[in-house]
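Asks: how would this look folded up:
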Amino acid sequence: MKIDILIKGGKTVDKHIIDIAILEGKIIEVANHIDDSKYQASQIIELDGETFISAGWIDIHTHCYERLEIYKDYPDEVGIKSGVTTVVDTGTTGALDIDKFYKDTKKYKTNVYALINIAKQGITSQDELSNMMSIDEDKLKDAVKRYKDFIVGIKARMSKSVVISNGIEPLKLAKRIKKELNLPMMVHFGSSPPTIEDILGYMEKGDILTHIYNGKPNGILKGNKVKAEIIEAKERGIILDVGHGTESFSMDVAMKAKDAGLFPDTISTDIYIKNRINGPVYSLSTTMEKFIYMGYSLEDIINKVTKNPANAINLKNKGLIKIGYDADLTIFDVVNEEKELQDSLNKSVITNTSIKPKAVVINGEYLNIC
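Replies: Got it, this is the predicted structure:
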């Protein structure tokens, strides 16, 4: 049988050695050993049991619409060049720009999906929800109908600088719209009002709360303890997302939450061109290294950038190395190397563990990236 790619000797994060056969962009066999004679492979990749392989990494919180100046980037820069096979743009565009964004994504190799901003203009300014007239339900629903395989949810940015005097009102409307559309909703929170407690009151199982370690007064901690409302939200199925960003990741908050037994469901970057080039984000792998430093296991971290985000936005054929799933894979090394890591509040630490993406397989194509 002719196939496109046979990968030999990849090491999984639970230390199993596997071979993977790929045909027409799909995984057709996964086994501890696949005899070379079983298939006629156009390309054989030998990893020799030394290099890690996982399902393709998914960054569930990025900004990669190249035409928008405030938060712009390019899908392949935040995607495959960083070992990430799937990126989700979270609210950069609204209904007015979604057509252009969708067309732009087709020139890139990275898989791109969108959480559409409930404000029709997207983030053309920091205060996109200061005028309730910016929420055009008909245009929003129309966009979702046109691009139901591209738009995987809606995004509401619920901080004071965005809503100005509208408080919780945009979220009330967003909740009703997302229920009608049967889509998940990601909610950004920062400065108050509205408070995190008010925001959580309008979130339901399957909704995503991002920037959970933002380190701001309107955060997840009260003193050194995690607020009861956050614990209750986690228990009722609200998904907690990192959303690192330029101003939204405090390592101290993250460590206190971990010590209290509160863990993120998904690790993401909130990356765009400025914090990718100038830091403190740089890449998804750099964000993952911060969780290695904080004592999370590599297996746990990989789950938070593969199957967990895939489940959160209903990507049915991504997130696992499994027969029938998309042949999206990330190949990487974990090396003993000293490196400085910085959070969003200028706290620096030195780690001895670096995660180095080497290659990806995306839509059945092998791409060396190192």
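Asks: report the longest helix in the chain, please.
Replies: Using DSSP state H to define each element, the chain has its longest helix at helix 169-181.
Asks: please enumerate residues in contact with that one?
Replies: The list of residues contacting helix 169-181 from outside it, by CB atoms under 8 Å, 6 or more residues apart in numbering, reads 118, 129, 132, 135, 137, 140-141, 144, 153-154, 156, 158, 163, 184-185, 187, 194, 199, 202-204, 207. All C-beta atoms are positioned from the backbone trio N, CA, C, and that covers glycine.
Asks: if you set the cut-off to 7 Å instead, what comes out?
Replies: 118, 129, 132, 135, 137, 140-141, 144, 154, 156, 158, 163, 185, 187, 199, 202 (CB atoms under 7 Å, 6 or more residues apart in numbering).
Asks: narrow these to just the buried residues.
Replies: Among the contacts of helix 169-181, those buried by neighbour count (16 or more other CB atoms under 10 Å) are 118, 129, 135, 140, 144, 154, 156, 158, 163, 185, 187, 199, 202.
Asks: just the ones of these in helices?
Replies: Mapping these onto helices (DSSP H) picks out 140, 144, 163, 199.
Asks: rebuild these as CSV, extending it with distance to Lys2.
Replies: Shown next, in CSV, are these (distance: CB to CB, whole Å):
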residue, distance to Lys2
Leu140, 46
Val144, 40
Val163, 57
Ile199, 53
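Asks: and of these, the nearest to Lys225?
Replies: Ile199 (19.1 Å; CB to CB).
Asks: contacts only, for the residue nearest to the spatial centre of the chain.
Replies: For the chain, the residue nearest the mean C-alpha position is Ile60 (1.9 Å; CA atoms, centre = their mean). Listed by CB under 7 Å, 6+ apart, the contact set of Ile60 reads 88, 241, 266, 268, 309, 312-313.
Asks: again with Ser82
Replies: With CB under 7 Å, 6+ apart, Ser82 has these contacts: 283-285, 357.
Asks: swap the cut-off to 8 Å and go again
Replies: Here Ser82 is in contact with 283-285, 357, 369 (CB under 8 Å, 6+ apart).
Asks: just the residues you listed: which are in helices?
Replies: Per DSSP H, the contacts of Ser82 map to helices at 284-285.
Asks: the contacts of Ser82, buried ones only, as a ChimeraX selection?
Replies: To isolate the buried ones among the contacts of Ser82 in ChimeraX, judged by 16+ other CB under 10 Å, type:
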select :283,284,285,357
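Asks: ok, which pair from the contacts of Ser82 is furthest apart?
Replies: Taking CB to CB, no two of the contacts of Ser82 sit farther apart than Leu284 and Ile369, at 12.8 Å.
Asks: shared neighbours, the two?
Replies: 82-83.
Asks: surely Val87 is within a strand?
Replies: Yes: assignment of Val87 by DSSP: H, G, I helix; E, B strand; the rest coil places it within a strand.
Asks: from memory it sits against Asn111, does it?
Replies: Yes: counting by CB atoms under 8 Å, Asn111 is a contact partner of Val87 at 7.2 Å.
Asks: between the two, which has more neighbouring residues?
Replies: Val87 (33 against 22; other CB atoms under 10 Å).
Asks: show me what the more buried one is bridged to.
Replies: For Val87, the beta-bridge partners are Asp59, Val112 (DSSP bridges).
Asks: tell me the pLDDT at it?
Replies: The score at Val87 is 98. That number is its pLDDT.
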